[in-house]
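>>> Coordinates for the following, if possible.
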Amino acid sequence: MEMTAAALAVHVRKEFSKVIVGQNDTLDHLLLVILTGGHALLEGVPGLAKTLAVKCLAHMFRLQFQRVQCTPDLIPADILGANIFQAAKGTFQLHRGPIFTDLLLVDEINRMPPRTQSALLEAMEEVQVTIDGTSHPLSQSFAVFATQNPVEFEGTYPLPEAQLDRFLIKIRIEYPEASEESQILSRYQEGFDARSLEHAGIESVPNEALSAAKQEVSRVRVEPKLFDYIVSIVRATRSSPAVSLGASPRAAVSMMLVAKAIAAIEGRDFMIPDDAKSAAPPALRHRMLLKPEADLEGVTPDQVITELVASIAVPK
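Presented below is the predicted three-dimensional model:
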């Protein structure tokens, strides 16, 4: 069965709605990550269905799912695995950790100590892990979805800029509307169980649809003037008076990839400036370090990005 990226997006939204109430932007952003082969940082307070959304994604695409709950005493072997000595055979055997999966949910990543964060960094960047000097490839569908609580800082290790830069996008998840919260209660009253997605009636995506959609994204045309437009937005973050550290060249690449995926799920084989505008906040918000005075005044990265995008001439 042939399915375009746009048709895939419609299917995903429809099936997600059987499990997740609202959160339409979040669902679209999760799909963009899958289509571009990137990683995502999800920021929101506990209880906003971040874990459920990623589990639903894995269920729909028939991908393997693993979850790691981060704590300050987590060591690299807890995620990567280790070589265990088998006394009966007199040999070492690799006991694979949860990182050997398709979709890895890293819950409260900022509670993970720096050494373990570093081990995760290799997996995200190289799609492989090194255990006792031997490299082991990971799944070609490997994607990290890391969550962090924006209001709790005690006992946390802030992610270094180098690791933040490895995330394709940062997804901000807000509280649902009152009507949506009522609908959530109604679903649970009717017997919905988030721990049993098999009974939610989710229709899986046809086997070849995901790879076809990824190829479609890669074929989206980008005019040279849009390269300049994206670069202008990224470079503007480096000269903003509110920003002490602007976005890197990798941010420009991420922004273009996200914009191409947006074009594909909108049913186009070419990018337009609006795609770049839509890609800017999720692709740049975690790659900018605000000056302390801007932070104290309540300025947010999204506000800075919105102002910068508005100040740059749109190519015609």
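>>> if you go through this structure in chain order, where are the strands?
With strands called from DSSP state E, the chain shows them at 40-43, 65-69, 81-86, 91-96, 103-107, 128-131, 134-137, 143-148, 169-172, 243-245, 289-290.
>>> elements contacting the last one?
Based on contacts counted as 3 or more CB pairs under 8 Å, 6 or more residues apart in numbering; DSSP states H and E, the elements that strand 289-290 packs against are strand 243-245. C-beta: built from backbone N, CA, C; applies to glycine.
>>> Remind me what the strand it packs on packs against, helices and strands.
Checking 3+ CB pairs under 8 Å, 6+ apart, strand 243-245 ends up next to strand 289-290.
>>> So for the strand it packs on, mean pLDDT?
Across strand 289-290, pLDDT averages out at 86.
>>> Can you tell me what sits against it?
161, 242, 243, 244, 245, 299, 301, 304 (CB atoms under 8 Å, 6 or more residues apart in numbering).
>>> try stretch 90-106
With CB under 8 Å, 6+ apart, stretch 90-106 has contacts from 51, 54-55, 57-58, 63-68, 70, 77-86, 112, 120, 123, 129, 131, 136, 138-139, 141-147.
>>> With only the CA atoms kept, save stretch 185-192 in PDB.
Output of stretch 185-192 as PDB, limited to C-alpha atoms (Å, rounded to 0.1, in the frame of the first residue of the first chain):
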ATOM      1  CA  LEU A 185     -11.400  12.000  32.500                       C
ATOM      2  CA  SER A 186     -14.300  10.700  30.400                       C
ATOM      3  CA  ARG A 187     -12.000   8.300  28.500                       C
ATOM      4  CA  TYR A 188     -10.600   6.900  31.700                       C
ATOM      5  CA  GLN A 189     -14.200   6.600  33.100                       C
ATOM      6  CA  GLU A 190     -15.100   4.600  30.000                       C
ATOM      7  CA  GLY A 191     -12.200   2.100  30.600                       C
ATOM      8  CA  PHE A 192      -9.200   3.600  28.800                       C
END
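>>> State the mean pLDDT of that stretch.
If you average the pLDDT over stretch 185-192, you get 83.
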